[in-house]
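Asker: coordinates only, sequence not included:
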């Protein structure tokens, strides 16, 4: 081996990456060549000290700059903030599909509609609701016998079981979000039931109740996937 | 403003801080910054050779950390994840600016590399260590990138090959040239 051949593989030698045969050859050359030994020694030192370089310190206002940028990036809307928190919480690009988004929008409309209807009924038809309590029992019986509501109840029961199994993996924020959603939807369902109990033949009330059930199913499906 | 902070009296692990930061704990994110900013900044400074650019890059790195912290699963150490993110940011910066590796043949051009040796008895002292740091900044960008990734940060040639989209042979060749150039630079300082 001559000096040029030695130079070609000396970095691999310094890194301990040579095959045994090449290593034997270069060591034989190094034993007899002071110039190449000096190169080896210098490279060993460079490699050695490169792993011990001092750390540099940025200027003290860098954190302030970063903080300002972060605050400027903070989503301004409630929706964007919630979405961002969910993204952070679950570590993925959390996106509602169009149907999911439509479902949420529909839920908001239903809740608002129920509120309006309840308000109207409470304010315009109070005498008609005087015997509401006995009608509740009749309603429960009627709902229990209605195949479409039975189907809802069955689906909701299954989904709740799935959700219960998933709950252990949830963080506190998701649990809270779930409880809030359920409280809101159950409140809507109760409102619908009350309306229906007062107006058992009101098709609008029936439709509202069905929509509320649908929303509960959709929300449970969403949480069952977390 | 970011959400409320959590008081801490005892040291917590990176993973705990990451989880807290991902849940919106501003204090946890700040703590992560203070724990790791010097390492990120030092890497940026060495690769970019400009204090201003290194600070801008460090800022961008921590903004990326803030945006992506929820995707950190803890499969590797946070420092490894942060380090890789930093390297990728710098390399992206290089690509945008059209910085390329110095030209070498696939096998490496090793002609004219036999230099007058340093005195074999001379050791690199603490002062030389600072000289070495400075000399790294004087390397051409391509050599510097490979040298920092391999010798300073401990990447393997196969990883560098993947990061820089070059062959392993090119990575080895650039590393050797970088070391020899450093040797020249250090020699000229004495």
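Answerer: Cool, got the structure. Keep in mind the model is a prediction, meaning the values are calculated, not measured.

Asker: against residue A:72, how distant is the nearest residue to residue B:156 once chain neighbours are set aside?
Answerer: Leaving out its chain neighbours, the residue that sits closest to residue B:156 by C-beta to C-beta, 6 or more residues apart in numbering or on different chains is residue B:150, at 7.8 Å. The C-beta positions use only the backbone N, C-alpha and C, and glycine is treated the same way. Note on residue B:150: its distance to residue A:72, by C-beta to C-beta, to the nearest Å, is 38 Å.

Asker: in terms of neighbours, single out the busier of the two.
Answerer: Between residue B:150 and residue A:72, residue B:150 has the larger neighbour count (other C-beta atoms under 10 Å in any protein chain shown), namely 24 against 7.

Asker: so the residue nearest to residue B:156 touches residue B:176, yeah?
Answerer: No. If you go by C-beta atoms under 8 Å, residue B:150 and residue B:176 don't touch, sitting 10.3 Å apart.

Asker: tell me the contacts of residue B:154?
Answerer: Residue B:154 sits next to residue A:51 when contact means C-beta atoms under 8 Å, 6 or more residues apart in numbering or on different chains.

Asker: tell me the SS of it?
Answerer: Secondary structure for residue B:154, judged by DSSP: H, G, I helix; E, B strand; the rest coil, is coil.

Asker: so in chain A, where's the weakest helix or strand by average pLDDT?
Answerer: helix A:78-90 (a mean of 51; mean pLDDT, DSSP states H and E).

Asker: pop the domain breakdown of chain A in here.
Answerer: Using automatic domain parsing, the domain parsing of chain A gives A:3-50, A:96-224.

Asker: ramachandran angles for residue B:49?
Answerer: phi 60, psi 30 (degrees, to the nearest 10).

Asker: residues touching it, list them.
Answerer: B:137-138, B:144.

Asker: can you report how many residues neighbour residue A:190?
Answerer: Neighbours of residue A:190 (other C-beta under 10 Å): 12.

Asker: what's the distance between it and chain B?
Answerer: Distance, residue A:190 to chain B, by C-beta to the nearest C-beta, to the nearest Å: 33 Å.

Asker: could you do residue A:194 as well?
Answerer: Relative to chain B, and taking C-beta to the nearest C-beta, residue A:194 is found at 38 Å.

Asker: name the element that residue belongs to?
Answerer: Residue A:194 is part of helix A:172-198 when elements are defined by DSSP states H and E.

Asker: residue B:95 now?
Answerer: Going by DSSP H and E, residue B:95 is in helix B:78-97.

Asker: what's in contact with that helix?
Answerer: B:14-15, B:18, B:32, B:36, B:39-40, B:43-44, B:47-48, B:57, B:60-61, B:64-65, B:68, B:72, B:141, B:145, B:149, B:153, B:163-164.

Asker: repeat for stretch A:159-171
Answerer: In contact with stretch A:159-171 (C-beta under 8 Å, 6+ apart) are residues A:89, A:175, A:178, A:217, A:220-221, A:223-224, A:226, B:23.

Asker: show me how chain B divides into domains.
Answerer: B:14-97, B:126-188.

Asker: which of the three states applies to residue B:73?
Answerer: With three-state DSSP as the criterion, residue B:73 reads coil.

Asker: repeat for residue A:56
Answerer: Residue A:56 - assigned by three-state DSSP - is coil.

Asker: quick one: residues contacting it.
Answerer: Residue A:56 neighbours (C-beta under 8 Å, 6+ apart): B:38, B:41-42, B:45, B:54.

Asker: state the helix or strand in which residue 31 lies.
Answerer: Looking at chain A here, since you left the chain open. Short version, using DSSP H and E: residue A:31 is in helix A:20-32.

Asker: wait, I meant chain B there
Answerer: Going by DSSP H and E, residue B:31 is in helix B:26-48.

Asker: quick check: next helix or strand after that helix?
Answerer: Following helix B:26-48 in sequence, per DSSP H and E, is helix B:51-68.

Asker: residue in chain A nearest to chain B?
Answerer: Residue of chain A nearest chain B, by C-beta to the nearest C-beta: residue A:38 (2.6 Å).

Asker: name the SS class of residue A:169, please.
Answerer: Taking three-state DSSP, the label given to residue A:169 is coil.

Asker: neighbours around it, how many?
Answerer: With other C-beta under 10 Å as criterion, residue A:169 counts 8.

Asker: distance of it relative to residue A:223?
Answerer: 11 Å.

Asker: repeat that for residue A:16.
Answerer: 55 Å.
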